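1. Below are the sequence and a predicted model; questions follow.
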Amino acid sequence: MVNIPLSAEIQPVAVRAGIEADTTELGRLPGGPAEFEEVGQRLKAMLRVARYHGVELDPNEFRAASASPFPTSADLSEWARNGGMWSRAVRVRWSHLLRFQDAGPVVLLFSDGGAGILTGASAERNLVFLKGVDAPDDGESTAIDELRLSQVWTGEAVLLRNARSSVAADAPFTLGWLAELVRLESRPLRDVAIASFTLSVLTILPPLIVMTVVNKVLQFNSVSTLLLLSAIIAVVFAYETLLGHARRLIINVVGARLDTKLQLHIFSRLLRLPLDYFERHPAGETLYHLAQVYRIREFLTGKLLSTFLDLITLCVLVPVMFYINTKLAWIVIACAGAIVLIILAFLKPLRRRYQRVIEAETWKSAALGETVVGIKTVKALGLEPQRKALWDEQVAEAGRARLAFGQFASWPQTLVTPIERAMVLGTMLIGAYLAMNDSSGYMVGGLFAFMMISQRVAQPLVGLARLIEDYEEVGAAIGEAASVLNRPLESSSNSQGLRPRLVGEVTFSDLTFSYIGTRTPALDRVSFNIPAGTMFGIVGRSGSGKSTIARLLQGINRDYSGFLKLDGVDLKEFNLRHLRQGLGVVLQDNFLFRGSIRENIIAGRAGLTLSDAMRAAHLAGAEEFIERMPNGYDTYIEEGSPNLSGGQKQRLAIARALIHNPTVLILDEATSALDPESEAVVSANLMRIASGRTMIIVSHRLSSLTECDQILVMEQGKVLDVAPHAILLERCALYRQLWAQQNRHLDGRHGRPVAVPPRSG
Ligand SMILES: Nc1ncnc2c1ncn2[C@@H]1O[C@H](COP(=O)(O)OP(=O)(O)OP(=O)(O)O)[C@@H](O)[C@H]1O
């Protein structure tokens, strides 16, 4: 943790009679001193102001970009922005501070590395109201004048408020949500629209010039007019080229910005999906569904935008077309209308066929993902032919669906093409006929101009109809992405809820829980109590509900009846992130990320150093093998950690769980897969690991639980008994049986029947 000295004492000015320190709503900032004790003053100030706005920032997510000993204003505001707030780091003068009357609290940075919270200002009295970061919730703000503030204040401030203009992070993922995302880019889009309109107007000029050349220059041999027209054309072309370039640049920028926003949003939503979701859906399926989002983005900034821009062109060109020749203009409109009707008629059957493509692609993707994730099992069991057969089948199915869709989708194109041709040739032939019968002689130039314009009109009209077709595809893509993203999130419990200081007393009372889709409860009226700081073992046959107890304690499933309390507080009331930060969990199979051993132990938690990692590794019994590795703590671990043995991996996972000194440590079969030597190392350290925290050890191996203060025996979701090892051996038949089974080899060796050594206390 970053340790920051307490902020400079602010000396209050003698408040003149009649000037009360600020006790308005603004002055009451949530977050008492006890809550943020471990973070520095500047972070504390940010946390309190963020909470005033109803946002819970996570100190673990704070990243200091600069080498400064204290968090800089830029780092702080970046942190708030990453937490979904609007924030700016600013350097302001006293006169500006006086204007922050109703702007909400502002964080002021002090030169000693501390911070204060500006809760208000009084311009008439030339005073600002400050609150210390450790001041109690209902404490009053202090009135400070310019001179005194200038002694401690660096002139830097961090402004914070709710991200009003950003799209709501919890809003469902729909086309409307995406449209809102695009709308936020209204300024560049407005520029694009203006550029497009200007370009459309410019496109009228060449046909009109051609008309003039044919009608005037050729008929009257006017070289000067030709020169003038050439100059105009040159200027128009140059202007058109530059404007077109600018338009493409802006569209590119908007596209990149939208992509970035979408990616950030999607990933943060994915992380907030409950574990249940990932357990029920193959990774490949999830990835395929999410990949659809990019098709939606392409549609929004590609076809939708270009059709919208083409519409602007239409608005300019259609009147000109009618101006040149009404009869020919009606022919173009009629043909375009027929094209639109054809495309609309094909919409529904196309949608049905496309749905089949999506289903087949989802299955294909799931099969691929499953094979990659389970490749060790595939290789070990020699299942390659079966996986290949499954893949062949899925590929064939997806191919069939795509082919059917493609073949059907070519019909509208087939029907539309002759109409498009007829439109161009028809207007030319009819135009030529009209020109022949035109006594004024102006019709020839007009025909040329009309031909040039009509092609530009037909394209956007057809594009508009195609847009509806694409919208169908995009609608389906949105449905797919939404099927992942619109699931209930853990978010509200992440940003809300209680954050009490944890001591580690766990109480289950009359708790019943069933997994979705199952009839028999995984836990049936379970009641027990784990006093804080004790070691608690859980045993039972496979499927008896041991891991479910650990899951509920982590808040993975919350839809149980009865009560689960941590330090007397209902677990459902907890802020999930706070709860999980107070817990350390080691599972039977732990995932180590790509990176060095040190990075894996620290796992990106802020403020932790190599010496913290070494301490945790020492406690977990991992120190000795890490030091023997070629690069020690800097040894690189690949994904899936092939360069580590199972025992080494497990000890690293224990070190990772221990590094943030959790109040409750859950070892869920964490030592079951260890070789005897590794298990002996971990067991030898168990008492040290357990000191000062509550330990819950789920294990099949009873020998690793004998030291526990209490052992819970589970059977088919029910509590059979809770007592220390010795008492259980005496009074619990199941426990005795399990113990006997596991120690039979010892008895055989000594040639004695199973003896149960009674143990006092
Ligand atoms: N995610 C899940 N969805 C549905 N049912 C589940 C899920 N996880 C566990 N179960 C069921 O709940 C019951 C209790 O499972 P749990 O994993 O808690 O048992 P356990 O005692 O830890 O078993 P083991 O020792 O084999 O790990 C079992 O009947 C199991 O089939």
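-> All right, it came through fine.

2. CA only for contacts and neighbour counts going forward, please
-> Fine.

3. What is the least confident helix or strand in the chain?
-> Sorting the helices and strands of the chain by mean pLDDT, DSSP states H and E puts helix 491-495 at the bottom, at a mean of 53.

4. For stretch 98-107, what is the distance to the chain centroid?
-> How far stretch 98-107 lies from its chain's middle: 31 Å, per C-alpha atoms, centre = their mean, to the nearest Å.

5. and that stretch, what's its mean pLDDT?
-> Average pLDDT, stretch 98-107: 79.

6. now stretch 269-276
-> In this model, stretch 269-276 has a mean pLDDT of 83.

7. outside of it, which residues touch it?
-> Defining contact as C-alpha atoms under 8 Å, 6 or more residues apart in numbering, one finds that stretch 269-276 is touched by 485, 487-491, 556-557.

8. Kindly format the C-alpha coordinates of that stretch as PDB.
-> In PDB, the C-alpha atoms belonging to stretch 269-276 read as follows (Å, rounded to 0.1, in the frame of the first residue of the first chain):
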ATOM      1  CA  ARG A 269     -19.400  -6.300 -18.400                       C
ATOM      2  CA  LEU A 270     -17.900  -9.700 -19.100                       C
ATOM      3  CA  LEU A 271     -15.900  -9.500 -15.800                       C
ATOM      4  CA  ARG A 272     -19.100  -8.600 -14.000                       C
ATOM      5  CA  LEU A 273     -21.000 -11.600 -15.200                       C
ATOM      6  CA  PRO A 274     -21.600 -14.100 -12.300                       C
ATOM      7  CA  LEU A 275     -19.500 -17.300 -12.300                       C
ATOM      8  CA  ASP A 276     -22.700 -19.300 -12.900                       C
END
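
9. Stretch 269-278: which residues count as buried?
-> For stretch 269-278, burial by neighbour count (16 or more other C-alpha atoms under 10 Å) applies to 269-270, 272-274.

10. Same list (the residues you listed) but as JSON lines, adding secondary structure and distance to the ligand.
-> Shown next, in JSON lines, are those (DSSP: H, G, I helix; E, B strand; the rest coil; distance: C-alpha to the nearest ligand atom, whole Å):
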{"residue": "Arg269", "secondary structure": "helix", "distance to the ligand": "21"}
{"residue": "Leu270", "secondary structure": "helix", "distance to the ligand": "19"}
{"residue": "Arg272", "secondary structure": "coil", "distance to the ligand": "18"}
{"residue": "Leu273", "secondary structure": "coil", "distance to the ligand": "15"}
{"residue": "Pro274", "secondary structure": "coil", "distance to the ligand": "12"}
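
11. Output those in TSV; the columns should cover distance to Gln710.
-> As requested, these are exported to TSV (distance: C-alpha to C-alpha, whole Å):
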residue	distance to Gln710
Arg269	40
Leu270	39
Arg272	35
Leu273	35
Pro274	31
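
12. Spell out which helix or strand contains the residue nearest the centre of the chain, please.
-> Computing the C-alpha centroid of the chain and ranking residues by C-alpha atoms, centre = their mean puts Ser268 first, at 1.2 Å. Ser268 belongs to helix 223-271 when assigned by DSSP states H and E.

13. after the lengthiest strand in the chain comes which helix or strand?
-> Counting by DSSP state E, the longest strand found in the chain is strand 153-162. Per DSSP H and E, strand 153-162 leads on to helix 175-183 as the next helix or strand towards the C-terminus.

14. now that next one, how far from the chain's geometric center?
-> How far helix 175-183 lies from its chain's middle: 17 Å, per C-alpha atoms, centre = their mean.

15. Which positions in the chain make contact with the ligand?
-> 515, 522, 542-548 (C-alpha under 6 Å from any ligand atom).

16. Give me the buried subset of those residues.
-> Neighbour counting over these (16+ other C-alpha under 10 Å) leaves 522, 544-548 as the buried ones.

17. Looking at those, which are in helices?
-> Members of those lying in helices (criterion: DSSP state H): 546-548.

18. which secondary structure elements does the longest strand of the chain contact?
-> Applying 3 or more C-alpha pairs under 8 Å, 6 or more residues apart in numbering; DSSP states H and E, one finds that strand 153-162 makes contact with helix 41-52, helix 73-82, strand 85-91, strand 106-110.

19. now the second one and helix 41-52, what's the angle there?
-> In this case it means helix 73-82. Orientation check (axes from the mean of the first three to the mean of the last three C-alpha atoms, to 10 degrees): helix 73-82 against helix 41-52 gives 30 degrees.

20. Can you tell me the closest non-neighbouring residue to Ile430?
-> Computed as C-alpha to C-alpha, 6 or more residues apart in numbering, the closest residue to Ile430 that is not its neighbour in sequence is Leu328, at 7.6 Å.

21. Kindly report the same for Ser200.
-> In space, Ser200 is closest to Thr313, 4.8 Å off (C-alpha to C-alpha, 6+ apart).

22. SS state for the one you found?
-> helix (DSSP: H, G, I helix; E, B strand; the rest coil).

23. How many neighbouring residues does it have?
-> Neighbour count for Thr313, taken as other C-alpha atoms under 10 Å: 22.

24. distance of it from the ligand?
-> 57 Å (C-alpha to the nearest ligand atom, to the nearest Å).
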